[in-house]
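Visitor: Got a predicted structure plus its sequence, pasted below:
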Amino acid sequence: MAYQKPVMKVEMKDVVLIKPSKSRPSSILFMSTLDNRPDLNCLCQTVHVYRSPPTHDDSKLSNQLLDPALVVKEALSKALLYYYPLAGRLVEHADGKLRMICSDAAEQGHGVPFIEAFANCELSSVHYLDGADNDIAKQLVFDLPTEDERGHQYPLVFKMTTFLCGGFTIGMGILHTVVDGSGASQFFRAIAELASGRSEPSVKPVWERERLVTSIISKQPLPCVVVIDKASATVSPFVPTTAITQVCFKVNSDLIRRLKSGLMKECDEDDHENLKECASSTRHVCVCSYVCLLTSSQVGR
């Protein structure tokens, strides 16, 4: 029997704006010089998958389970109290520089766009998004205009999709101009902490990007000359090529532990203190190191 791609349909509710849990004074925040690079002004989308909780025979206990959408929206509102710029609007000023406009929570149009959606299938039918194609992933992220009626950009958008099995996905879109990968991970962790019952996030953000504003001395591009010894340069047998393949890596906790253990052993042998410190710190660094090792081994073949 030929393989049939799963058909998934998603019904969406109207967009709602999630506001910070408490009001803050209106303010205009400066972006750093690096933030004003045009190539960074793009929306980065991630999809987080959560399986349904185990079923219970006790119907009363099942009825006491909280609605995940309500929990996430409440946690997001609390997180925006600390990450209030993400509830603002990114605006291009008259001088051509970007500014973050943070209005009072009571002002109309203020907040983070949030869509609640429902899928007509179970998460298992799409293999919990392991190796899922782009057509499925696109239905689980915010795919509506990310600007308000004045053309100002929303720095953050959410789409939460509930499946028939009770599991759900959270699609988060965030402007790279405002937040990098590490910051996005820190923000999502804050939402998870507040959803689990913490009174405040373990890491509180600091803006202070006005300290990173500098002037461009010359508008002319600087000459970039790199001298490479062709005899010693590493050449990959896979490039140049027009064949581009999309690959999904499944990384679980057990693999993370084994990768860290392997990196730590290599560090002990080579006495690389800096790498040893990185290997014991974050999952992101560990996975990136592993991918770099794989890339190096492929190029060297």
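Guide: Right, received. Where do you want to start?

Visitor: any idea which helix or strand of the chain has the worst average confidence?
Guide: helix 59-63 (a mean of 47; mean pLDDT, DSSP states H and E).

Visitor: So for the helix or strand that that one is followed by, what gets flagged as buried?
Guide: Following helix 59-63 in sequence order, the next helix or strand is helix 68-82 (DSSP states H and E). Within helix 68-82, the residues scored as buried using 16 or more other CB atoms under 10 Å are 68-69, 72-82. (C-beta placed from N, C-alpha, C; glycine too.)

Visitor: Name the residues that touch helix 68-82?
Guide: Here helix 68-82 makes contact (CB atoms under 8 Å, 6 or more residues apart in numbering) with 18-22, 24, 50, 86-87, 111-112, 114, 116, 158, 160, 162, 168, 170, 187, 190-192, 194-195, 200-201, 204-205.

Visitor: by contact count, what packs against whichever helix or strand comes after that helix?
Guide: Later in the chain than helix 68-82, the nearest helix or strand by DSSP H and E is strand 89-92. When contacts are defined as 3 or more CB pairs under 8 Å, 6 or more residues apart in numbering; DSSP states H and E, strand 89-92 sits against strand 98-102.

Visitor: quick one, the next helix-or-strand element following the strand it packs on and helix 68-82 angle?
Guide: For strand 98-102, the following helix or strand on the C-terminal side (DSSP H and E) is strand 112-119. Here strand 112-119 runs at an angle of 160 degrees relative to helix 68-82 (axes from the mean of the first three to the mean of the last three CA atoms, to 10 degrees).

Visitor: Export only the CA atoms of strand 112-119, formatted as CSV.
Guide: This file holds the C-alpha atoms of strand 112-119, laid out as CSV (Å, rounded to 0.1, in the frame of the first residue of the first chain):
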residue,chain,number,x,y,z
VAL,A,112,0.3,39.9,21.7
PRO,A,113,-1.9,38.4,19.0
PHE,A,114,-3.0,34.9,20.1
ILE,A,115,-5.0,32.4,18.0
GLU,A,116,-6.6,29.4,19.5
ALA,A,117,-7.2,26.6,17.0
PHE,A,118,-8.4,23.0,16.9
ALA,A,119,-7.2,20.1,14.6
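
Visitor: That strand packs against which elements?
Guide: Strand 112-119 packs on strand 10-12, strand 16-18, helix 68-82, strand 156-162, going by 3+ CB pairs under 8 Å, 6+ apart.

Visitor: Check the residue lying closest to F142 once chain neighbours are set aside and give its pLDDT.
Guide: Distances taken as CB to CB, 6 or more residues apart in numbering place V157 nearest to F142, at 3.9 Å, with adjacent residues excluded. pLDDT for V157: 96.

Visitor: Leaving out chain neighbours, which residue sits closest to F158?
Guide: Nearest to F158 is F114, by CB to CB, 6+ apart, at 4.6 Å.

Visitor: As CSV, the buried residues of helix 68-82 with distance to L34 would be great.
Guide: CSV is the format used below for those (distance: CB to CB, whole Å):
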residue, distance to L34
P68, 36
A69, 36
V72, 31
K73, 32
E74, 34
A75, 30
L76, 27
S77, 30
K78, 29
A79, 24
L80, 24
L81, 26
Y82, 23
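
Visitor: is it possible to export those residues to a markdown table including distance to R37 and pLDDT?
Guide: Shown next, in a markdown table, are the buried residues of helix 68-82 (distance: CB to CB, whole Å; pLDDT from 0 to 100):
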| residue | distance to R37 | pLDDT |
| --- | --- | --- |
| P68 | 37 | 92 |
| A69 | 36 | 94 |
| V72 | 32 | 96 |
| K73 | 33 | 96 |
| E74 | 35 | 96 |
| A75 | 32 | 97 |
| L76 | 28 | 97 |
| S77 | 31 | 96 |
| K78 | 32 | 96 |
| A79 | 27 | 96 |
| L80 | 26 | 95 |
| L81 | 29 | 94 |
| Y82 | 26 | 95 |
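
Visitor: Among those, which one sits closest to G181?
Guide: Distance to G181, by CB to CB, is smallest for A79 among those, at 17.6 Å.

Visitor: List the residues that contact the closest residue to H93 other than its chain neighbours.
Guide: Nearest residue to H93, sequence neighbours excluded (CB to CB, 6+ apart): R99, at 5.0 Å. Contact analysis of R99 by CB under 8 Å, 6+ apart lists 28-31, 90-93.

Visitor: 7 Å instead?
Guide: Shown in contact with R99 (CB atoms under 7 Å, 6 or more residues apart in numbering): 28-31, 91, 93.

Visitor: those strands in the stretch 151-300 of the chain, which residues are they?
Guide: 156-162, 168-175 (DSSP state E, counting those that start in this stretch).
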